[in-house]
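Trainee: the sequence and its predicted three-dimensional model are supplied below.
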Amino acid sequence: MRVVELVFVSGWGAFWLYWLATALWAKRGHISWAHQLRIRILMISMVAALLLLFRVGVFPQRYIGNTSWWLVGFGSAFFALGLALAVWARVHIGRNWGNPMTQKDDPELVTSGPYRLLRHPIYSGLLMAGAGTAMALSWLWLIAVVFAGTYFLYSAAVEEHYLVERFPDSYPAYRRSTKMFLPFLF
């Protein structure tokens with residue numbers, strides 16, 4: 001394993017350990033697994049198919065392993081900034097955080113910190129970190145970023161529908177004043 005790969009594996013590993021540990025302090029909530037089962041089965045099936053194609057050797061070797069120092073550097077910076085955004089958003093939302101599409105028993109609408117700029121900064125940060133990983137390690141990571149982006153877009157739509165119902169006076173105005181994933185763009 002190259003040093004750069006070890007850095008990314010360690011970075012993602014530390015991030016996910018932090019993520020799982022802090023999930024223990026989140027407010028109670030519920031998610032309709034039966035209602036969301038179709039998208040989860042579709043995503044798992046697509047990932048399984050991708051892993052099978054990778055294992056069979058469908059992808060040419062030239063797409064595996066970036067060696068350009070400027071791509072590795074730019075990708076590493078993108079990765080670090082993405083994880084930093086996700087962690088900042090997670091810290092800022094505090095106990096209101098939950099798994100995608102979770103409905104909290106006692107929700108609060110958080111519109112400060114990174115949520116001043118984006119309605120879904122955790123998703124944005126994770127996608128940014130994934131894109132940085134692709135730049136630095138292998139363009140094949142972009143496939144995972146596209147899958148995650150599709151899932152996050154769906155999750156964001158479900159979450160926003162719930163938030164409009166839960167906060168009918170404040171959420172529509174907040175949604176008009178901020179972008180979903182990219183400041184000033186989208």
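Mentor: Thanks, I have the structure now. Numbering: from 1, shown residues only.

Trainee: residue ranges in this protein under the pLDDT threshold?
Mentor: Low-confidence segments of the chain (pLDDT under 70): 1, 30-37, 39-40, 43, 50-51, 53-67, 186.

Trainee: may I have the secondary structure class of residue 152?
Mentor: helix (DSSP: H, G, I helix; E, B strand; the rest coil).

Trainee: which parts of this protein are strands?
Mentor: Using DSSP state E, the strands assigned to the chain run over residues 29-30, 103-104.

Trainee: thought residue 89 was touching residue 19, still the case?
Mentor: No. Between residue 19 and residue 89 there is no contact under Cβ atoms under 8 Å: 11.6 Å. Where C-beta positions appear, they are placed from N, C-alpha and C, glycine not excepted.

Trainee: higher neighbour count, the two?
Mentor: Of the pair residue 19 and residue 89, residue 89 is the one with more neighbours under other Cβ atoms under 10 Å, namely 23 against 15.

Trainee: the more buried one - nearest residue in space that isn't next to it in sequence?
Mentor: Nearest residue to residue 89, sequence neighbours excluded (Cβ to Cβ, 6 or more residues apart in numbering): residue 121, at 3.8 Å.

Trainee: next, count neighbours for the one you found.
Mentor: 24.

Trainee: residue contacts, it?
Mentor: Contacts for residue 121 (Cβ atoms under 8 Å, 6 or more residues apart in numbering) come out as 85, 86, 88, 89, 114, 115.

Trainee: what's the ChimeraX syntax to select whichever of the residues you listed are buried?
Mentor: Selecting only the buried entries of those in ChimeraX, with 16 or more other Cβ atoms under 10 Å as the criterion:
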select :85,86,89,114,115
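
Trainee: and the contacts of residue 121, which two are furthest apart?
Mentor: Largest separation among those by Cβ to Cβ: 86 and 115, giving 12.7 Å.

Trainee: wait, residue 81 sits on residue 128?
Mentor: Yes. Applying Cβ under 8 Å, one finds residue 81 in contact with residue 128, separated by 6.3 Å.

Trainee: those two: which has the busier surroundings?
Mentor: Of the pair residue 81 and residue 128, residue 128 is the one with more neighbours under other Cβ under 10 Å, namely 23 against 14.
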